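[1] give me the fold of what follows.
(one chain, ligands or ions: 2)
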Amino acid sequence: MEKMLIHGGKKLSGEVVIGGAKNSTVALIPAAILSRTPVTLDSVPHIQDVYNLMAILDDMNVKSDFTENVLTIDPTEIHDVPLPNGKIKSLRASYYFMGALLGRFGKAIVGLPGGDDIGPRPIDQHIKGFEALGASVSNEHGAMAIKAPAEGLHGARIFLDMVSVGATINVILAAVTAKGRTVIENAAKEPEIIDLATYLNNMGAKVRGAGTDVIRISGVPTLEAHNSHTIIPDRIEAGTYLAMAAAVGEGVKVKNIISEHLDAFLAKLEEMGVVMDVGEDSIFVYPSGDLKMVQIKTMPYPGFATDLQQPITPLMLKAHGEGLIIDTIYPKRVRHIPELLRMGADITIENDVIILHHCDHLQGTEVAAEEIRAGACLMIAGLMAEGTTTITKVDNILRGYDRVVMKLRGLGADVELVD
Ligand SMILES: CC(=O)N[C@H]1[C@@H](OP(=O)(O)OP(=O)(O)OC[C@H]2O[C@@H](n3ccc(=O)[nH]c3=O)[C@H](O)[C@@H]2O)O[C@H](CO)[C@@H](O)[C@@H]1O
Ligand SMILES: C=C(OP(=O)(O)O)C(=O)O
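    Ligands and ions are numbered 1, 2, ... in the order given. Model (predicted):
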């Protein structure tokens, strides 16, 4: 398995262009099977999650082609096959095939998903949504067997017990072709949900209210894609490079950004004293001076994203005072902390609260990227550290960060992948 070697201490400068959002892409690809015509996606990130989803599509006789940033998917000869195991385990978002297959064929057998080990990730709200639409759901040897009634799915009012991106998306996927009207209350408001709704509406779906906490769907019989869909920029990748630029930059421009998607994150950087020029679709980060320590509490969008609490952690180590991070979405999402400790950071965890203190010196050593954002955190820490940082389990980074080595080198980082 590959490792990433980072020879730290170099200052970064120049420009980096953000790719399409992973968390949109991994929903839009399964959603493509709802279309009766070929689908084209633009601004697709080069990440392992995309290749794994293409392999799952191939199992269903759905051919796809990924050239440059354009992914074409032809679902016209799709076979309705069970997806009990194997590749389904390779990523979290494979669970979107539950909603998509249910919408397309009225039935789905899909293995329980894999994805990041960031604490418990139940799917009870997805199941509650499918059942409200009339489906029966059973667990058959670790795979979810979901079946619509003979007359097909029907619209329903669904109040999600907690704000869930995955459940909101899965219910949308199943409901767009259900008979009648579905209302999802307490829906997630993430930009990726708006992106999915835009994409489905361009295929003829009737999804209204995406981006608010009430989504109304009027079912239509079939969907057909006729235009290419350009995926929104990845706000988490953008936040990662912004934190990196503030930590080790000598003037870095991060391009292809929708800054409104990063409001909570940018507000925190400003509170820390990071100086930025926020342009129309790019942000320039000036070299950091003295930084102020902050407290962070992750919340559903538009709050501070759980996926950005790890990437901002190394930057917080540069600030003076005591900092706190509370991840209310995934309280056990602390797998980066033991690795940072081994690099010399001063961090403790008490009752799921991460307590940080200023640290003048991080030392490169061997660390493991136990999950994607822990990996992002360690990349930034490695760039800040003296000596060489060897990141193992680097596939967790490559599954979600678009051409990351090329982008880091483009900014002047001394980084390489080795076997
Ligand atoms: C592919 C994708 O888009 N992944 C994102 C998505 O994951 P994912 O969609 O899996 O996360 P959710 O929004 O569903 O999870 C939010 C919270 O709800 C809980 N929950 C969720 C569903 C459910 O049926 N029952 C339940 O209890 C979860 O354990 C978690 O505490 O949103 C997370 C939270 O912003 C991000 O960290 C992930 O990057
Ligand atoms: C947790 C994440 O991803 P996934 O839901 O795909 O595991 C993430 O992107 O930070």
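[2] now do the helices in the stretch 1-150 of the chain.
    22-31, 48-59, 96-105, 124-132 (DSSP state H, counting those that start in this stretch).
[3] in JSON lines: those helices, plus distance to His361.
    Where you see a C-beta, it was placed from the backbone N, CA and C, and this is true even at glycine. As requested, the helices of the stretch 1-150 of the chain are exported to JSON lines (distance: least, CB to CB, whole Å):
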{"stretch": "helix 22-31", "distance to His361": "33"}
{"stretch": "helix 48-59", "distance to His361": "33"}
{"stretch": "helix 96-105", "distance to His361": "44"}
{"stretch": "helix 124-132", "distance to His361": "45"}
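[4] as a markdown table, the ones you listed with distance to ligand 2, mean pLDDT and mean neighbour count would be great.
    What follows is these, written out as a markdown table (distance: least, CB to the nearest ligand atom, whole Å; pLDDT from 0 to 100; neighbours: other CB atoms under 10 Å):
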| stretch | distance to ligand 2 | mean pLDDT | mean neighbour count |
| --- | --- | --- | --- |
| helix 22-31 | 6 | 98 | 27 |
| helix 48-59 | 7 | 95 | 19 |
| helix 96-105 | 11 | 97 | 26 |
| helix 124-132 | 13 | 97 | 20 |
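[5] got these as TSV, with distance to ligand 1 columns?
    Below are the helices of the stretch 1-150 of the chain laid out as TSV (distance: least, CB to the nearest ligand atom, whole Å):
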stretch	distance to ligand 1
helix 22-31	3
helix 48-59	8
helix 96-105	8
helix 124-132	3
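[6] count of residues packed around Ala156?
    18 (other CB atoms under 10 Å).
[7] how close does the closest residue to it other than its chain neighbours get to Ala174?
    Nearest residue to Ala156 in three dimensions, chain neighbours excluded: Ala132, at 4.1 Å (CB to CB, 6 or more residues apart in numbering). Distance of Ala132 to Ala174, given as CB to CB, to the nearest Å: 10 Å.
[8] how about the residues of the stretch 101-250 of the chain by ligand 1?
    Residues of the stretch 101-250 of the chain found near ligand 1, taking CB under 6 Å from any ligand atom as the criterion, are 120-126, 162, 164-167, 188.
[9] of those residues, the lowest pLDDT goes to which?
    Scanning those for pLDDT, the smallest score is found at Pro120, 77.
[10] any idea how far Gly142 is from that one?
    Taken as CB to CB, the span from Pro120 to Gly142 is 16 Å.
[11] who has more neighbours, these two?
    A direct count of neighbours by other CB under 10 Å for Pro120 and Gly142 places Gly142 higher, at 10 against 7.
[12] check contacts around the more buried one.
    Shown in contact with Gly142 (CB atoms under 8 Å, 6 or more residues apart in numbering): Pro84, Asn85, Gly111, Leu112.
[13] list the residues that contact the last one.
    With contact set as CB under 8 Å, 6+ apart, Leu112 has these partners: Ile88, Lys89, Tyr95, Ile123, Gly142, Ala143, Met144.
[14] assess the claim that the fourth one and Val171 are in contact.
    Right, Ile123. No. Using CB atoms under 8 Å, Ile123 is not in contact with Val171; the gap is 11.7 Å.
[15] between these two, tell me which one has more neighbours.
    The residue with more neighbours, out of Ile123 and Val171, is Val171; 28 against 19, by other CB under 10 Å.
[16] you'd agree that one is in a helix?
    Yes. Secondary structure of Val171 (DSSP: H, G, I helix; E, B strand; the rest coil): part of a helix.
[17] that older thread, inside strands: which ones of the contacts of Gly142?
    Judged by DSSP state E, those include Gly111 as members of strands.
[18] ok, Ile18 touching Ile236?
    No. Ile18 is not in contact with Ile236 according to CB under 8 Å; the separation is 9.6 Å.
[19] what about the closest residue in space to Lys22 that isn't next to it in sequence, which SS state?
    Nearest non-adjacent residue to Lys22, counting by CB to CB, 6+ apart: Gly400, 4.7 Å away. Assigned with three-state DSSP, Gly400 falls in the coil class.
[20] you'd agree Gly400 is up against His46?
    No. With contacts counted by CB under 8 Å, Gly400 stays clear of His46, the gap being 10.8 Å.
[21] how close does the nearest residue to Gly8 once chain neighbours are set aside get to Gly344?
    Nearest residue to Gly8, sequence neighbours excluded (CB to CB, 6+ apart): Ala385, at 4.0 Å. Using CB to CB, Ala385 is found at 8 Å from Gly344.
[22] overlap in contacts of those two?
    In contact with both Ala385 and Gly344: Leu362, Gln363, using CB under 8 Å, 6+ apart.
[23] of these two, who's got more company?
    Ala385 (24 against 17).
[24] number of nearby residues for Ile258?
    15.
[25] isn't it up against Asp281?
    Yes. Using CB under 8 Å, Ile258 is in contact with Asp281, at 7.2 Å.
[26] chain center to stretch 377-385, what's the gap?
    21 Å (CA atoms, centre = their mean, to the nearest Å).
[27] near ligand 2 at all, that stretch?
    No. Judged by CB under 6 Å from any ligand atom, stretch 377-385 stays clear of ligand 2, getting no closer than 11.1 Å.
[28] contact partners of that stretch?
    By CB under 8 Å, 6+ apart, stretch 377-385 touches 4, 6, 8-10, 12, 240, 243-244, 247-248, 310-311, 313-315, 317-318, 336, 339-340, 343, 345, 362-364, 367, 369, 389, 391, 397, 404, 408, 413, 415.
[29] pull out the buried residues from those residues.
    Neighbour counting by 16 or more other CB atoms under 10 Å classes 4, 6, 8, 12, 240, 243-244, 247-248, 310-311, 313-315, 317-318, 336, 339-340, 343, 345, 362, 364, 367, 369, 389, 391, 397, 404, 408, 413, 415 among these as buried.
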